[in-house]
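In: Predicted model and sequence below, questions to follow.
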Amino acid sequence: MGCLLRNESAISLEAEDIAMADHFDLLVLGSGEAGKYIAWAFASEGKKVACIERQWVGGSCPNVACLPSKNFVHSAEMVHQTQEAIKSGIFSDVDIKVNMSAVRARKREMVDGLVAMHKDRFVNSGAQLIEGNGRFIEPKKIQVTDPKGEQRVLTGETVIISTGSRANIDSVPGLAEAKPLTHIDILELDKVPSHLIVLGAGYVGLEFAQIMRRLGAKVTVIDRNDRILKREDEDVSTELEKLLAAEGIQFCLSSSISGVKGTSGDTVSVKVMKAGKTSELQGSHILCATGRIPNTDGIGLEEPTNLLTKNGFVKVDDHLQTVVPGVFAVGDCAGSPHFTHVSFSDFRIVKDFLKGLSANTTGRQVPYTLFTSPELAHIGAHEHELKAKDVKYRKAQLPMAAFLRTRTLADTRGFAKVMVSESDQILGFTALGPGAGELLPVVQLAMKAGLPYTAIRDLVVTHPTLSEGLVYLFMAVPPR
Ligand SMILES: Cc1cc2nc3c(=O)[nH]c(=O)nc-3n(C[C@H](O)[C@H](O)[C@H](O)COP(=O)(O)OP(=O)(O)OC[C@H]3O[C@@H](n4cnc5c(N)ncnc54)[C@H](O)[C@@H]3O)c2cc1C
Ligand SMILES: NC(=O)c1ccc[n+]([C@@H]2O[C@H](COP(=O)([O-])OP(=O)(O)OC[C@H]3O[C@@H](n4cnc5c(N)ncnc54)[C@H](O)[C@@H]3O)[C@@H](O)[C@H]2O)c1
């Protein structure tokens, strides 16, 4: 099989090594979102491809991140909806008791199905899935240690580093010893925590805080920032904090922790510092949700060619190629925004680049949705960024109650806003409301196609869908 790269690799492998090792057209380390799609795409075209995976076939998303956490979001939503139905008299005399083992079983069944689906995809595409831990000996040579401890050396004409990231555990005295939960462990609990302390009011922290609150836990969220989701506009994070607090979640903001005692799952005691004062918070469990660390340490990337940034991400250009021609890095480990859909976009960029097309990461759309209830969805510029850059814009904002479908759902919480340029281009859109994530693609499409906001304003949209509300929002944009 020939080289995948349009430019021949600068690295020449010694003939003897190639003879000894298993040699592939494409060698992928890590079977996460981008890595697995690249493996499947080239193997389906007849290339000799291997993908090395040490634990999670298909990566974090289907095993321990996006999909299982959204499975929990749904279980928590069912409990919440049942409670709402009792309040409104639809059910009477119902005693709700959450069976956490059943919540976990529903999640496990989904994950098992997803893993089986991934294994099938490997078989059907012809990409070899090689179980084991990979470590670079050279940029195009990886030593794999399989679960039995046996070692094998693989080489690739083209190599993709797709090793993802893991939860950060801060070096606070006693925190690691307390065996804190991460997103992986919390998805395996068989009992609802009596009092969950969540460290970090970002994506992971807020999604799990609401899940566990709705399943019956007392929940306290600690963050060093003065508001949740610091990167969002202040009106958005303030509103979401208000909605979560109304469900009974307690927030300790502008706070940091200086020590932890006890063991998560039994009792934990956390020393919280706020405005120079220290207090003690007792809980049953503690969850670390304070960001991610790239899985790039200890796998031979520092030597002989240092491929890493000072924060441990693999250094890449806007084609996701490292300093070594023919070696690419994708997804979280390359410092791409930490979303599965961005990793998928990385796959398409590398695939196109290898086929000689001019694909790159510059200026690509990065939409996102936080799966709290209500959801928070965003695309484009934030309002505070436009203000900071002194960009002139017109803004429309409506409460979600103006999206009439929300009234049928009896959930009118939140609001939506859009910022539009002097020349009618959509600069940014944010929605905090039920089903907000589903509103993004139509706005994205208009932005990508360079259509004026009036293209959405003037659509005939089915009544009463949530998307219909976009028409009313865009009608509210002030005239030029
Ligand atoms: C709780 C949680 C919820 C999330 N929810 C969402 C969401 O709803 N939507 C969204 O878009 N994003 C979400 N994310 C982010 C998303 O999961 C990540 O951005 C995405 O999974 C990154 O994919 P990746 O391919 O870069 O890495 P991963 O999916 O982590 O894949 C890396 C793979 O490499 C393997 N690996 C690592 N090192 C080695 C080695 N040395 N040898 C062999 N194999 C190795 C790992 O086992 C892993 O399977 C969530 C993240 C978390 C933590
Ligand atoms: N729905 C989704 O798309 C989704 C869901 C989960 C995760 N993710 C991705 O995973 C990434 C990681 O999520 P995350 O929640 O771990 O990180 P995050 O960066 O979103 O939030 C971390 C939070 O922890 C706080 N923090 C950090 N150290 C602290 C300390 N010592 N004391 C107090 N507070 C501290 C930070 O101020 C921040 O608010 C996200 O950025 C996102 O890209 C996406």
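Out: All right, it came through fine. All of these numbers come straight from a predicted model, not from anything done at the bench. Numbers count the residues shown, from 1 in each chain. Ligands and ions are numbered 1, 2, ... in the order given.

In: Now do the same contact list for whichever residue of the stretch 251-400 of the chain sits closest to ligand 1.
Out: Distance from ligand 1 to each residue of the stretch 251-400 of the chain (CB to the nearest ligand atom) is smallest for Gly331, at 2.2 Å. No exception for glycine: its C-beta is placed from N, CA and C like everyone else's. Listed by CB atoms under 8 Å, 6 or more residues apart in numbering, the contact set of Gly331 reads Gly30, Gly32, Glu33, Ala34, Gly35, Ser162, Gly164, Val342, Ser343, Asp346.

In: mind redoing it with 7 Å?
Out: Counting by CB atoms under 7 Å, 6 or more residues apart in numbering, Gly331 touches Gly32, Glu33, Ala34, Ser162, Gly164, Ser343, Asp346.

In: Identify the spatial nearest neighbour of it, chain neighbours not counted.
Out: Ser343 (3.9 Å; CB to CB, 6 or more residues apart in numbering).

In: And what about the one you found, helix, strand or coil?
Out: Of the three states, Ser343 takes helix according to DSSP: H, G, I helix; E, B strand; the rest coil.

In: cool, and the one 4 residues further on?
Out: Secondary structure of Phe347, reduced to three states by three-state DSSP: helix.

In: got it, and Gln81?
Out: helix.

In: how much space between it and Ile222?
Out: Applying CB to CB, to the nearest Å, the value for Gln81 to Ile222 is 29 Å.

In: now His183
Out: Distance from His183 to Ile222, by CB to CB: 17 Å.

In: Give me the more crowded residue out of those two.
Out: Set side by side, His183 and Ile222 show more neighbours around Ile222, with 25 against 21, by other CB atoms under 10 Å.

In: wait, doesn't that one sit right on Leu199?
Out: Yes: applying CB atoms under 7 Å, one finds Ile222 in contact with Leu199, separated by 5.4 Å.

In: list residues touching both of these two?
Out: Overlap of the contact sets of Ile222 and Leu199 (by CB under 7 Å, 6+ apart) consists of Ile257.

In: List phi and psi for the closest residue to ligand 1 within the stretch 51-200 of the chain.
Out: Nearest to ligand 1, among the residues of the stretch 51-200 of the chain, is Gly164, at 2.2 Å (CB to the nearest ligand atom). Backbone geometry at Gly164, expressed as degrees, to the nearest 10, gives phi 70, psi -160.

In: check contacts around it.
Out: Gly30, Gly32, Gly59, Ser60, Asn295, Gly331, Asp332, Cys333.

In: can we see that at 8 Å?
Out: Counting by CB under 8 Å, 6+ apart, Gly164 has contacts Gly30, Gly32, Gly59, Ser60, Pro294, Asn295, Gly331, Asp332, Cys333.

In: Inside helices: which ones of the residues you listed?
Out: Secondary structure defined by DSSP state H assigns Ser60 of the contacts of Gly164 to helices.

In: Tell me how far the residue of the stretch 251-400 of the chain closest to ligand 1 lies from His341.
Out: 11 Å.

In: before we move on, what about Val366?
Out: 9 Å.

In: again, but for Leu287
Out: Distance from Leu287 to His341, by CB to CB: 25 Å.

In: And the two? Which one has more around it.
Out: When Leu287 and His341 are compared for neighbours, Leu287 comes out ahead with 27 against 16, by other CB under 10 Å.

In: who does that one bridge with?
Out: Under DSSP bridges, the beta-bridge partners of Leu287 are Leu181, Val198.

In: For Phe339, list the residues it contacts.
Out: Counting by CB under 8 Å, 6+ apart, Phe339 touches Val366, Tyr368.

In: Can you give me the pLDDT of it?
Out: pLDDT for Phe339: 98.

In: The one 10 residues further on too?
Out: Among the per-residue scores, Ile349 shows a pLDDT of 98.

In: Also the one 5 residues further on?
Out: Looking at Leu354, its pLDDT is 97.

In: That one: neighbour count?
Out: 23.

In: Surely it is in contact with Thr158?
Out: Yes: counting by CB atoms under 8 Å, Thr158 is a contact partner of Leu354 at 6.8 Å.

In: Please identify the residues of the stretch 251-400 of the chain in proximity to ligand 1?
Out: Taking CB under 6 Å from any ligand atom, the part of the stretch 251-400 of the chain that reaches ligand 1 is made up of Asn295, Ile299, Gly331, Asp332, Cys333, His338, Phe339, Thr340, His341, Ser343, Phe371.

In: can you do 5 Å?
Out: Counting by CB under 5 Å from any ligand atom, the residues of the stretch 251-400 of the chain lying close to ligand 1 are Asn295, Ile299, Gly331, Asp332, His338, Phe339, Thr340, Ser343.

In: want to try JSON lines for those residues, with distance to ligand 2 as columns?
Out: Below are these laid out as JSON lines (distance: CB to the nearest ligand atom, whole Å):
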{"residue": "Asn295", "distance to ligand 2": "14"}
{"residue": "Ile299", "distance to ligand 2": "21"}
{"residue": "Gly331", "distance to ligand 2": "11"}
{"residue": "Asp332", "distance to ligand 2": "8"}
{"residue": "His338", "distance to ligand 2": "3"}
{"residue": "Phe339", "distance to ligand 2": "5"}
{"residue": "Thr340", "distance to ligand 2": "8"}
{"residue": "Ser343", "distance to ligand 2": "11"}
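
In: now, the most widely separated pair of the residues you listed?
Out: Largest separation among these by CB to CB: Ile299 and Phe339, giving 23.1 Å.

In: in this structure, which residue is closest to the centre?
Out: Using CA atoms, centre = their mean, the residue of the chain that lies closest to the mean C-alpha position is Phe339, 3.8 Å off.

In: That residue and Val366, how far apart?
Out: Counting by CB to CB, the separation of Phe339 from Val366 is 7 Å.

In: Which parts of the stretch 151-300 of the chain are helices?
Out: 183-186, 203-215, 234-246 (DSSP state H, counting those that start in this stretch).

In: Ok, which of those comes nearest Leu409?
Out: helix 234-246 (14.8 Å).

In: List the buried residues for that closest one?
Out: By 16 or more other CB atoms under 10 Å, the buried positions in helix 234-246 come out as Val236, Ser237, Glu239, Leu240, Glu241, Leu243, Leu244.

In: Now do the lengthiest helix in the chain against helix 203-215, angle only.
Out: If you go by DSSP H, the chain has its longest helix at helix 100-125. Angle, helix 100-125 to helix 203-215, by axes from the mean of the first three to the mean of the last three CA atoms, to 10 degrees: 140 degrees.

In: quick one: average pLDDT of helix 100-125?
Out: pLDDT averaged over helix 100-125 gives 98.

In: just checking, what packs against the biggest strand by length in the chain?
Out: When the chain is parsed with DSSP state E, its longest strand is strand 151-161. Using 3 or more CB pairs under 8 Å, 6 or more residues apart in numbering; DSSP states H and E, the elements in contact with strand 151-161 are helix 15-20, strand 22-29, helix 33-44, strand 49-53, strand 141-145, strand 327-329.
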